[in-house]
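Undergrad: here are the coordinates; sequence isn't available:
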């Protein structure tokens, strides 16, 4: 029984009596033998013109490189290689000649300007890996490796580098192209290492390449302090080149707070559909995502919100765009068995969720193409005290090492504080996996009279056939109105009134999700009762908006930024004014410029010496933000972003896996009633690896299992007497092995 008195659903859904099986995954990429870790150099390469198209579309081959180690080698010293036509079916290749830390890679289109150069004419792809720089303390630089064959299997290091102090290969020359000599002393960088590379075609038809390198910021007393210095500031460094050979330092892309051992590992960045920018990096064993703005003129990323990509056993992610433009991510899973170590996650699509207003990571749809045998559980009402045996349903799948379980859970009354728990492979207590889906509302029955408030009213749109005429009066009538709200789809609150002056009937008004409670409302005859059927506290209306101040008197917000379309000739250089006076001058410029509704003023940011004024149009939003050096001001005639949503969040859910902290998600929809909480959970079990996705990737968690003994499947519900049933439906598929 749930401690809050809610409903508990126990769903152990795997094949009965199947016994033990090999813990090595069969549809996650692993090496045949030996160790793998970080994914590197992800590339999508169009196939040759002679290859027939797939359903009328060009055929692509995806290349994944990864850190690998064989006995007697230093960890991660050689890049391994695998190829796939669809990101889920992989063919292992021989290991490459590339050596060095995690790095990015890029394939070169045949007609690119870079391919016309004498130096790079034969290059089909380039990859960037670390190279030691012994005379620069423990810092590292980057060398470029290139492949001249169409299969991208043979690689050579470029040996005409210009970086002083880098390693000289046996054949002579220098391998370093991006190194400490390029970075200004003021940046106080600790090293150059893990990186991501991308290409942008310029308006004049030329190429421009970018490398984003992880690093840290050292104390002034310890320049180039290295990767593991005790107390540093994380920062990412941006470099650019027109030809992959001659590189220059662009900027400090991002810098964060100082704390022990802090640094940026395995950085990744890409644009989102709303024009914002994503920035992902590893810190403290977890990859965090940030969403914000990328100022291309200054080369600076400014964070607006952030979260954790996966709180489980997933590390060092890297991503690429698939052929349909979906941003697809892989990460290293620290699984290990007899003679093998490490796996790559399933491909995950990173996207901005309009519903959740955050970055989410859902399994790539191609993973669903690995389905084999199928078994279904139709939608079933499971009531308190009932036990549903699912053994026979799933026994048809046989003894399979891989399984995809798709579960749909719906609570007919969402505010019961219910907990749904899926126990896989015996559950966490037996070395398997347990997934919990929890409604965050307090536990109470829909018709609980304690939620009825006298002398109150509700505002909002009416639902159903309001007003309903009831025969009862007083509190009894209010209870009947409450029960009616429980039954009408879309009802979230109600108001019951005895006959008011000029009336002769008792009325029940049902309101929708846009409503709010108005307590302490005096009725002419003193009789009006209301209640809120939501799991969240009612939200009062915003106070009346005062008349707007004069443009030149609008508030200046420190440590803030603004979105929106640029106005005039932004940015305007303002080298004569700094600080608050510069912000006031930028505000005056906005007031005098037609179409300007917001502005942002910045003192010189890392890598720049200019004071800049950015003017924005009426689509702008002003929001709190920390600039690279902490000095930026914004304001305008548009109000700052409100600190609360304009309408209540409905029926929030949280998803937890094993002992990890739960992740807050919103309701899934999928045609379910608007007044029911719902959760859609996908669990991919593959030997000792389990990946869990909830509500289109709002929660994504990877866990390792120490057992693979499939247990009996059952579904049990417990809770207080009279609690509403749970509607449960599930489909399970045996997964086809997909790695050769």
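TA: Happy to help now that I have it. Because the structure is a prediction, the values reported are computed rather than measured. Numbers count the residues shown, from 1 in each chain.

Undergrad: flag the shaky bits of the stretch 201-350 of the chain, pLDDT-wise.
TA: The stretch 201-350 of the chain contains residues with pLDDT under 70 at 258-261.

Undergrad: just the strands in it please.
TA: When secondary structure is read from DSSP state E, counting those that start in this stretch, the stretch 201-350 of the chain shows strands at 207-217, 231-241, 247-255, 259-260, 265-271, 277-283, 286-295, 300-308, 314-321, 327-337, 340-344, 348-353.

Undergrad: those strands: which one's closest to residue 175?
TA: Counting by Cβ to Cβ, residue 175 lies closest to strand 247-255 out of the strands of the stretch 201-350 of the chain; the figure is 13.3 Å. Bear in mind the C-beta positions are built from the backbone N, C-alpha and C, glycine included.

Undergrad: which other helices and strands contact the closest one?
TA: strand 207-217, strand 231-241, strand 300-308 (3 or more Cβ pairs under 8 Å, 6 or more residues apart in numbering; DSSP states H and E).

Undergrad: summarise which helices and strands the shortest one is packed against.
TA: Using 3+ Cβ pairs under 8 Å, 6+ apart as the contact criterion, the neighbours of strand 300-308 among helices and strands are strand 247-255, strand 277-283, strand 286-295, strand 358-363.

Undergrad: tell me if residue 660 really is in a strand.
TA: No. Under DSSP: H, G, I helix; E, B strand; the rest coil, residue 660 falls outside any strand and is assigned coil.

Undergrad: please work out which of the helices and strands packed on strand 247-255 is packed deepest.
TA: Across the helices and strands packed on strand 247-255, the average number of neighbours (mean count of other Cβ atoms under 10 Å) peaks for strand 207-217, which reaches a mean of 24.

Undergrad: report the angle between that strand and strand 231-241.
TA: 170 degrees (axes from the mean of the first three to the mean of the last three Cα atoms, to 10 degrees).

Undergrad: quick one: strand 207-217 to strand 265-271, angle?
TA: Strand 207-217 and strand 265-271 are oriented at 140 degrees to each other (the same axes, to 10 degrees).

Undergrad: the strands of the stretch 201-350 of the chain into CSV, with extra columns for distance to residue 474?
TA: Shown next, in CSV, are the strands of the stretch 201-350 of the chain (distance: least, Cβ to Cβ, whole Å):
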stretch, distance to residue 474
strand 207-217, 68
strand 231-241, 64
strand 247-255, 62
strand 259-260, 61
strand 265-271, 60
strand 277-283, 57
strand 286-295, 52
strand 300-308, 48
strand 314-321, 58
strand 327-337, 59
strand 340-344, 66
strand 348-353, 46
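
Undergrad: tell me which of these sits nearest to residue 704.
TA: strand 327-337 (5.7 Å).

Undergrad: is residue 29 part of a helix or strand, or is it coil?
TA: Under three-state DSSP, residue 29 falls in the coil class.

Undergrad: can you give me the helices for the chain?
TA: 391-394, 474-487, 579-591 (DSSP state H).

Undergrad: make a markdown table out of the helices and strands packed on strand 300-308 and add mean neighbour count and distance to residue 157.
TA: Shown next, in a markdown table, are the helices and strands packed on strand 300-308 (neighbours: other Cβ atoms under 10 Å; distance: least, Cβ to Cβ, whole Å):
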| stretch | mean neighbour count | distance to residue 157 |
| --- | --- | --- |
| strand 247-255 | 22 | 16 |
| strand 277-283 | 22 | 26 |
| strand 286-295 | 20 | 29 |
| strand 358-363 | 22 | 34 |
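
Undergrad: and the ones you listed as a markdown table, adding distance to residue 323?
TA: Converted to a markdown table, the helices and strands packed on strand 300-308 look like this (distance: least, Cβ to Cβ, whole Å):
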| stretch | distance to residue 323 |
| --- | --- |
| strand 247-255 | 28 |
| strand 277-283 | 20 |
| strand 286-295 | 24 |
| strand 358-363 | 18 |
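
Undergrad: so which of the helices of the chain gets nearest residue 298?
TA: Nearest to residue 298, of all the helices of the chain, is helix 579-591, at 15.6 Å by Cβ to Cβ.

Undergrad: how far away from the center of its chain is the closest one?
TA: Here helix 579-591 shows a centroid-to-chain-centroid distance of 36 Å under the convention Cα atoms, centre = their mean, to the nearest Å.

Undergrad: mean pLDDT per helix and strand in the chain: which one sits at the bottom?
TA: Sorting the helices and strands of the chain by mean pLDDT, DSSP states H and E puts strand 8-12 at the bottom, at a mean of 36.

Undergrad: so for residue 611, which of the helices and strands packed on strand 300-308 sits nearest?
TA: strand 286-295 (14.1 Å).

Undergrad: quick one: that closest one to strand 327-337, angle?
TA: Using the same axes, to 10 degrees: strand 286-295 against strand 327-337 is 160 degrees.

Undergrad: so where's the stretch 501-650 of the chain uncertain?
TA: Judged by pLDDT under 70, the stretches of the stretch 501-650 of the chain that qualify are 513-515, 526, 533-548, 576, 606, 623-630, 638-650.

Undergrad: which parts of it are strands?
TA: Using DSSP E, counting those that start in this stretch, strands in the stretch 501-650 of the chain cover 506-511, 516-519, 528-532, 557-558, 560-562, 572-573, 598-602, 612-616, 622-624, 632-636.

Undergrad: ok, the fourth one: who's next to it in the sheet?
TA: To tie it back to what came earlier, the one meant is strand 557-558. Sheet pairing of strand 557-558 (DSSP bridges) gives strand 632-636 (antiparallel).

Undergrad: ok, residues contacting the partner strand?
TA: The contact list for strand 632-636, computed with Cβ atoms under 8 Å, 6 or more residues apart in numbering, reads 554-562, 580, 582-583, 586-587, 590, 596-603, 616, 620, 622, 625.

Undergrad: just the buried residues of those residues.
TA: 554, 556-557, 560-562, 582-583, 586-587, 590, 596-603, 616, 620, 622, 625 (16 or more other Cβ atoms under 10 Å).

Undergrad: okay, now residue 270: neighbour count?
TA: 17 (other Cβ atoms under 10 Å).

Undergrad: that one contacts residue 320, correct?
TA: No. Taking contacts as Cβ atoms under 8 Å, residue 270 lies outside contact range of residue 320: 9.0 Å.

Undergrad: shared neighbours of those two, anything?
TA: residue 327.

Undergrad: next one: the spatially closest residue to residue 104 that is not a sequence neighbour relative to residue 215, how far apart?
TA: Of all residues not flanking residue 104 in the chain, residue 197 sits nearest, at 3.5 Å (Cβ to Cβ, 6 or more residues apart in numbering). Using Cβ to Cβ, to the nearest Å, residue 197 is found at 15 Å from residue 215.

Undergrad: and residue 181, by the same measure?
TA: 15 Å.

Undergrad: just put the strands of the stretch 501-650 of the chain in JSON lines and tack on distance to residue 280.
TA: Output for those, formatted as JSON lines (distance: least, Cβ to Cβ, whole Å):
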{"stretch": "strand 506-511", "distance to residue 280": "42"}
{"stretch": "strand 516-519", "distance to residue 280": "38"}
{"stretch": "strand 528-532", "distance to residue 280": "39"}
{"stretch": "strand 557-558", "distance to residue 280": "28"}
{"stretch": "strand 560-562", "distance to residue 280": "20"}
{"stretch": "strand 572-573", "distance to residue 280": "33"}
{"stretch": "strand 598-602", "distance to residue 280": "25"}
{"stretch": "strand 612-616", "distance to residue 280": "26"}
{"stretch": "strand 622-624", "distance to residue 280": "21"}
{"stretch": "strand 632-636", "distance to residue 280": "23"}
